[in-house]
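> Quick one, fold the following:
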Amino acid sequence: EGLVLFVLMAIAVRRFGFRRPGLLGGLFVVGYAIARTACEFFREPDPQLGFLFGTHVGALGGGITMGMLLCVPMLLVGAVFIVRALRGDTRPRPRLGEAPAEASEAKSA
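Sure thing, here's the model as predicted:
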């Protein structure tokens, strides 16, 4: 899982760079949640918890483990980070009375 996630993050850095605050963090959290869920299919559930909502992992009617369940909020938080970063909500706003950074750079040049 670490190698695939590293490659995904390297591609994202080359493609988007650090121009959108929160995007890389959101991609990491979503990627980690997906990788951890995939790994949960191959490991034994915790002995004190067992499977939740079923008796085994299966595509239809099977149970899920606590690790899978805990990945759901992680996936949602990462998706919110990605959406907000793509909308531009995470970029710093100019303070009241200040000119935007692009305008001040153009005047000085």
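> Pull out the buried positions in the helix ranked longest in the chain.
Longest helix of the chain, by residue count under DSSP state H: helix 66-87. For helix 66-87, burial by neighbour count (16 or more other Cβ atoms under 10 Å) applies to 68, 71, 74-75, 78, 81-82, 84-85. C-beta coordinates here come from the backbone N, C-alpha and C atoms, glycine included.
> Output the residues you listed as TSV; include the columns pLDDT.
Shown next, in TSV, are the buried residues of helix 66-87 (pLDDT from 0 to 100):
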residue	pLDDT
Met68	82
Cys71	89
Met74	94
Leu75	94
Gly78	94
Phe81	91
Ile82	90
Arg84	89
Ala85	88
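> related to what we said a few turns ago, CA-only coordinates of the longest helix of the chain in CSV, if you can.
Backbone C-alpha positions of helix 66-87 (Å, rounded to 0.1, in the frame of the first residue of the first chain) are rendered in CSV as follows:
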residue,chain,number,x,y,z
MET,A,66,-13.6,-2.3,12.5
GLY,A,67,-10.7,-1.1,10.3
MET,A,68,-13.0,-0.9,7.3
LEU,A,69,-15.6,1.0,9.3
LEU,A,70,-13.0,3.5,10.6
CYS,A,71,-11.9,4.2,7.0
VAL,A,72,-15.3,5.6,6.1
PRO,A,73,-14.9,8.9,8.1
MET,A,74,-11.3,9.2,6.9
LEU,A,75,-12.4,8.8,3.3
LEU,A,76,-15.1,11.5,3.8
VAL,A,77,-12.7,14.0,5.4
GLY,A,78,-10.2,13.5,2.6
ALA,A,79,-12.9,14.0,0.0
VAL,A,80,-14.0,17.3,1.7
PHE,A,81,-10.3,18.4,1.6
ILE,A,82,-10.1,17.6,-2.1
VAL,A,83,-13.3,19.4,-3.0
ARG,A,84,-12.5,22.5,-1.0
ALA,A,85,-9.0,22.6,-2.5
LEU,A,86,-10.3,22.3,-6.1
ARG,A,87,-12.9,25.0,-5.4
